[in-house]
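In: Next come a sequence and a model predicted from it.
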Amino acid sequence: MHARKIGAVAATAVAVLAARDLIQKRHALLRNFPVIGHARYLLETIGPELRQYIVTSNEEERPFSRDQRTWIYASAKEENNYFGFGTEVDVEHVQGHAYLKQRTFAGALPEAHDAHDPQAPLPSAKVLGGPRGRAKAFRPASVVNISAMSFGSLSGAAITALNKGAALAGTMHNTGEGGLSPYHRNGGDLILQIGTAYFGCRNEDGSFNLDKLKDVVASAPVKAIEIKLSQGAKPGLGGMLPGAKVTEEIAAIRGIPVGKDCASPSRHTAFSDVDSMLDFVELLATETGLPVGVKSAVGELGFWQELATLMARGDRGVDFVTIDGGEGGTGAAPRMFADSVALPFRMGFSRVYGTFAELGLTDDLTFIASGKLGLPENAAVAFALGADMINVAREAMLSIGCIQSQKCHTDKCPTGIATQNPWLARGLDPASKSTRAAVYLRTLRRELIKVSSALGVAHPALITPNDIDIMNGDYEARTLADVYGYQDGWGELGPQLAKEIKALLAG
């Protein structure tokens with residue numbers, strides 16, 4: 001009798017816990033997997049001890065280590081994101097590790113440069129589209145923005161959370177190539193990405209339709225257009241959306257038939273070389289008034305050399321280039337492409353930047369960087385190499401609950417982010433997760449302000465490649481400029497741009 005009572009009490013407690021998990025909106029994992037989901041949090045609590053003695057250290061996991069994920073989670077939740085008792089990195093022996101060289105004396109920094117103010121302004125040092133005189137040129141309000149992730153690859157709930165988060169944090173949100181969905185219309189400013197399949201602005205045969213593009217641009221707060229040439233996850237490779245996943249909603253957004261396989265070509269049909277690509281860029285800019293740029297991972301350099309050479313003439317050009325590192329990867333991709341196609345970010349970005357720097361063009365366009373840059377130390381290196389802004393993707397996913405289960409390609413994401421499964425997606429509450437995304441974005445900006453201040457400059461775009469050393473074997477280091485062959489002045493803003501951003505921050 002006593003045992004039955006205990007069993008009844010236990011069953012009631014489990015039922016109450018299950019009901020609570022299903023109703024609460026803070027944890028998507030618990031909404032989707034009531035009761036048993038708590039095991040994950042228990043294991044996470046003792047995870048550092050288990051890994052320390054049995055599995056791996058906090059710095060060994062990939063793509064993001066436990067320490068990196070912990071920093072993002074804590075930042076998104078407004079918790080203490082400091083670490084105690086020293087670094088776990090073997091600082092004297094880690095090949096390729098970056099070290100930022102703080103300055104002892106730096107002079108007065110502007111009042112806006114307050115590392116403790118979560119709302120501290122951190123605008124772009126360049127006006128996007130300004131050098132080419134675009135009708136709707138503007139200065140981006142944030143140097144940190146959300147990278148391209150399409151509705152289809154992410155759930156509607158996840159896109160909603162990210163877009164609302166972008167609005168709260170004053171950042172921009174890239175739509176990805178899957179078209180502009182209703183979930184992108186929650187207040188965040190947009191960069192509209194056009195991929196090889198021209199989703200949302202295509203004819204029935206898959207060719208580009210300018211009038212449809214103009215209609216899409218007019219219907220939402222689109223601030224710029226990005227032509228996707230390739231991405232870090234699968235550079236040079238097209239995609240296939242199986243017919244089973246082409247729902248009525250996705251079909252309507254993308255402009256494709258319901259229930260039929262939809263192939264994204266590996267290359268564009270609206271242009272066939274650099275010359276015709278620039279004609280296409282100028283057409284879009286003229287017809288919409290918006291800044292227009294390209295996004296690409298970096299492989300052979302002939303494309304970039306020809307682009308810089310043609311832009312040097314002054315009559316045509318892109319307003320920005322987004323460089324994606326080969327280590328990027330929110331999209332599902334064949335292992336070989338993820339591992340071995342396209343250069344890693346630092347190498348790829350530096351080669352492209354140098355191509356434009358040799359012709360004196362770096363002040364004439366905006367450099368946007370992406371590829372695991374949502375961590376302050378990685379972002380600082382990107383700015384030192386010449387980036388003007390950074391985009392974050394997987395880090396933004398982590399901020400809204402991603403647990404790096406690496407099931408993005410299975411449609412079985414347990415937190416409802418990278419899935420179209422209605423049951424899994426319902427676990428993600430856009431309202432609460434949007435706040436976390438916004439807090440993470442603000443925190444990353446604040447960390448960049450702290451880093452800039454330590455280096456004695458007023459803005460991360462003023463960090464130079466001589467401010468950072470890269471470990472080159474035991475007890476030896478070389479400057480970032482030396483490692484990547486930068487000449488004097490490369491990676492730095494021109495005097496006028498530097499003066500403008502200092503004045504802007506000074507108020």
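Out: Received it, and whenever you're ready, just let me know what you need.
In: Would you map the strands across the stretch 201-350 of the chain?
Out: Here the stretch 201-350 of the chain has its strands, by DSSP state E, counting those that start in this stretch, at 222-228, 239-241, 262-264, 292-297, 320-324.
In: And the strands in the stretch 401-507 of the chain?
Out: 468-471, 477-479.
In: Low-confidence stretches in the protein?
Out: Flagging of the chain using pLDDT under 70 yields the residue ranges 1-2, 46-61, 86, 107-121, 231-245, 328-341.
In: can I see the domain layout of it?
Out: 2-83, 144-506 (automatic domain parsing).
In: for those, which one ends up most surrounded?
Out: domain 144-506 (a mean of 20; mean count of other C-beta atoms under 10 Å). (C-beta placed from N, C-alpha, C; glycine too.)
In: how long is it from one end to the other?
Out: 20 Å (C-alpha to C-alpha, to the nearest Å).
In: Now do that domain: distance to the chain's middle.
Out: 6 Å (C-alpha atoms, centre = their mean, to the nearest Å).
In: Only alpha carbons, please: show stretch 403-413 as PDB.
Out: Only the C-alpha atoms of stretch 403-413 are listed here, as PDB (Å, rounded to 0.1, in the frame of the first residue of the first chain):
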ATOM      1  CA  ILE A 403      22.700  23.200 -28.700                       C
ATOM      2  CA  GLN A 404      25.000  22.200 -31.500                       C
ATOM      3  CA  SER A 405      23.300  18.800 -32.000                       C
ATOM      4  CA  GLN A 406      24.500  19.000 -35.600                       C
ATOM      5  CA  LYS A 407      21.200  17.700 -36.900                       C
ATOM      6  CA  CYS A 408      20.500  20.700 -39.200                       C
ATOM      7  CA  HIS A 409      20.500  18.400 -42.300                       C
ATOM      8  CA  THR A 410      18.000  15.900 -40.900                       C
ATOM      9  CA  ASP A 411      15.000  18.100 -40.200                       C
ATOM     10  CA  LYS A 412      15.100  16.800 -36.600                       C
ATOM     11  CA  CYS A 413      16.600  19.800 -34.800                       C
END
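In: Quick check: closest non-adjacent residue to Asn81.
Out: Ala74 (3.9 Å; C-beta to C-beta, 6 or more residues apart in numbering).
In: what about the one you found, is that helix, strand or coil?
Out: helix (DSSP: H, G, I helix; E, B strand; the rest coil).
In: Distance check, it against Lys164.
Out: Using C-beta to C-beta, to the nearest Å, Ala74 is found at 21 Å from Lys164.
In: now Pro257
Out: 31 Å.
In: Likewise for Pro182?
Out: For Pro182 relative to Lys164 (C-beta to C-beta), the value is 13 Å.
In: Ok, Tyr486 next?
Out: Taking C-beta to C-beta, one finds Tyr486 at 39 Å from Lys164.
In: residue nearest the centroid of the chain?
Out: With distances taken as C-alpha atoms, centre = their mean, Val392 lies nearest the centre of the chain, 2.0 Å away.
In: For that residue, which non-adjacent residue is closest in space?
Out: Nearest residue to Val392, sequence neighbours excluded (C-beta to C-beta, 6+ apart): Gly374, at 3.6 Å.
In: what does Ile250 give?
Out: Gly152 (5.6 Å).
In: Look up how far Met397 lies from the one you found.
Out: On the measure of C-beta to C-beta, Gly152 and Met397 end up 15 Å apart.
In: try Ala342
Out: Taken as C-beta to C-beta, the span from Ala342 to Met397 is 21 Å.
In: With Ile417 instead?
Out: Ile417 is 6 Å from Met397, by C-beta to C-beta.
In: which residues do the two both contact?
Out: Jointly contacting Ile417 and Met397 under the rule C-beta atoms under 8 Å, 6 or more residues apart in numbering are 154, 158.
In: which residues does Arg426 contact?
Out: Per C-beta under 8 Å, 6+ apart, neighbours of Arg426: 31-32, 157, 416.
In: closest one to Thr410 among the strands of the stretch 401-507 of the chain?
Out: Thr410 lies closest to strand 468-471 among these, at 37.0 Å (C-beta to C-beta).
In: hmm, who's touching the closest one?
Out: 93-101, 380-381, 384, 477-480, 483.
In: So which of the residues you listed sit within helices?
Out: Counting by DSSP state H, the part of those found in helices is 380-381, 384, 480, 483.
In: from those, which two are the most distant?
Out: Every pair of the ones in helices among the contacts of strand 468-471 checked by C-beta to C-beta; the farthest is Ala380 and Val483, at 14.8 Å.
In: What is the nearest of the contacts of Arg426 to Lys25?
Out: Checking the contacts of Arg426 one by one against Lys25 (C-beta to C-beta), the nearest turns out to be Arg31, at 7.3 Å.
In: okay but the closest one is in contact with Leu424, surely?
Out: No. Counting by C-beta atoms under 8 Å, Leu424 is not a contact partner of Arg31; they are 9.4 Å apart.
In: which residues touch Leu455?
Out: 100-103, 106, 463, 467.
In: who wins for neighbours among those residues?
Out: Ile463 (28 neighbours; other C-beta atoms under 10 Å).
In: Phe383 is in contact with that one, correct?
Out: Yes. If you go by C-beta under 8 Å, Ile463 and Phe383 touch, sitting 4.9 Å apart.
In: Looking at this protein, which helix is longest?
Out: Under DSSP H, the chain gives helix 430-454 as its longest helix.
In: could I get the domains of the chain as JSON lines with distance to Gly133?
Out: JSON lines is the format used below for the domains of the chain (distance: least, C-beta to C-beta, whole Å):
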{"stretch": "domain 2-83", "distance to Gly133": "39"}
{"stretch": "domain 144-506", "distance to Gly133": "10"}
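In: Minimum distance to Leu122: which of these has it?
Out: domain 144-506 (4.6 Å).
In: Could you tell me the end-to-end distance of stretch 404-420?
Out: End residues of stretch 404-420 are separated by 17 Å (C-alpha to C-alpha).
In: now stretch 289-308
Out: Start-to-end, stretch 289-308 (C-alpha to C-alpha) is 22 Å.
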